[in-house]
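Trainee: here's a sequence, model it:
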Amino acid sequence: MNFYIFFVMYLVNSFTNGLLYLKPLTEENGTLNQDGYLNMAALFDTKRNHEKGMSYQIFFDLLKQYQYAHTLSDDEIDKLFTDVVFNKDGYMTQDQFFIQMGKCLKVVELNVKELYDYCFNKKEGMTQEQLIFAFKICSIKMDYVEATQLMRDFTRRNAQNINFEEFRSIFAHKLHKLV
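Mentor: Numbers count the residues shown, from 1 in each chain. Below is the predicted model of the structure:
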C-alpha cells in the first residue's frame, strides 16, 4: 500500500503530463497506438540532443524522472537503452524510442490496474466508496459529491460498479485537474 501512496503523491507533485495520459497510449501488447506515436514523437523531438537521436544520458534522465510511474530500476532503464543501441555511446533513434517507451507505458498502465484491483471489492465491485478509498490511499481528497459527479461523467451506464476503463479515466482526469 505504501507503494501506491508514494506513486501517486510523487505523480501529483511532479506531473507534467508525465507518463499517465488521459487515454492509454499503448495497445494490450505494449505497442504504441496512434495517440501514443504522436505523443512520443513530440517527447522525442523535445528531448533528442543530436541529429542522430537521443543519447544514453538524456534517455536515462528522462526515464529516471518518471521512475515513480514505471517502477523500472536503474539497471532496467539502462538495459532498455543498450538492448536497442548496444552501447552507451550511441544514439537511440525515434523508432527505437517508440518501442522502448511502449514498454514503459505498459508498466504504468499495469500499476494503475494494480491500484484498481487492490481497491476492488469482490462482493460489491468498484463502488463510490471504493473509488473514494482508492484516492484516499493516494492521499488525494475526494468527497461523495465529487465522486458522484465523476461517476456520472465517466461511467457509461451510471452504475455503482465502476469498471477498470472508467476507473482509469476518472483517475487520470483527477490527476490532470490537480496539476
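Trainee: name all residues that make contact with L72.
Mentor: By Cβ atoms under 8 Å, 6 or more residues apart in numbering, L72 lies in contact with L63, L80, C104, V107. (Glycine included, C-beta is placed from N, CA and C.)
Trainee: double-check that the second one belongs to a strand.
Mentor: No. Secondary structure of L80, determined by DSSP: H, G, I helix; E, B strand; the rest coil: helix, with no strand assignment.
Trainee: ok, C104 - how many residues close by?
Mentor: Counted by other Cβ atoms under 10 Å, the residues lying close to C104 total 24.
Trainee: what about it, which helix or strand?
Mentor: helix 94-119 (DSSP states H and E).
Trainee: again with L72
Mentor: Judged by DSSP H and E, L72 forms part of no helix or strand.
Trainee: and the strand or helix carrying E146, what does it pack onto?
Mentor: Assigned by DSSP H and E, E146 falls within helix 144-154. Counting contacts by 3 or more Cβ pairs under 8 Å, 6 or more residues apart in numbering; DSSP states H and E, helix 144-154 packs against helix 128-137, helix 164-178.
Trainee: quick one: which of those helices has the weakest pLDDT on average?
Mentor: By mean pLDDT, the lowest-scoring of the helices and strands packed on helix 144-154 turns out to be helix 164-178, with a mean of 86.
Trainee: what residues of it count as buried?
Mentor: E166, F167, R168, S169, I170, F171, A172, K174, L175 (16 or more other Cβ atoms under 10 Å).
Trainee: quick one, that helix and helix 144-154 angle?
Mentor: 120 degrees (axes from the mean of the first three to the mean of the last three Cα atoms, to 10 degrees).
Trainee: so how far is helix 164-178 from its chain's centroid?
Mentor: 11 Å (Cα atoms, centre = their mean, to the nearest Å).
Trainee: hmm, back to that, in CSV: the helices and strands packed on helix 144-154, plus distance to M54.
Mentor: Below are those laid out as CSV (distance: least, Cβ to Cβ, whole Å):
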stretch, distance to M54
helix 128-137, 35
helix 164-178, 26
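Trainee: out of these, which is closest to G90?
Mentor: helix 164-178 (34.4 Å; Cβ to Cβ).
Trainee: tell me which other helices or strands that closest one touches.
Mentor: So helix 164-178, by 3+ Cβ pairs under 8 Å, 6+ apart, packs with helix 2-13, helix 94-119, helix 128-137, helix 144-154.
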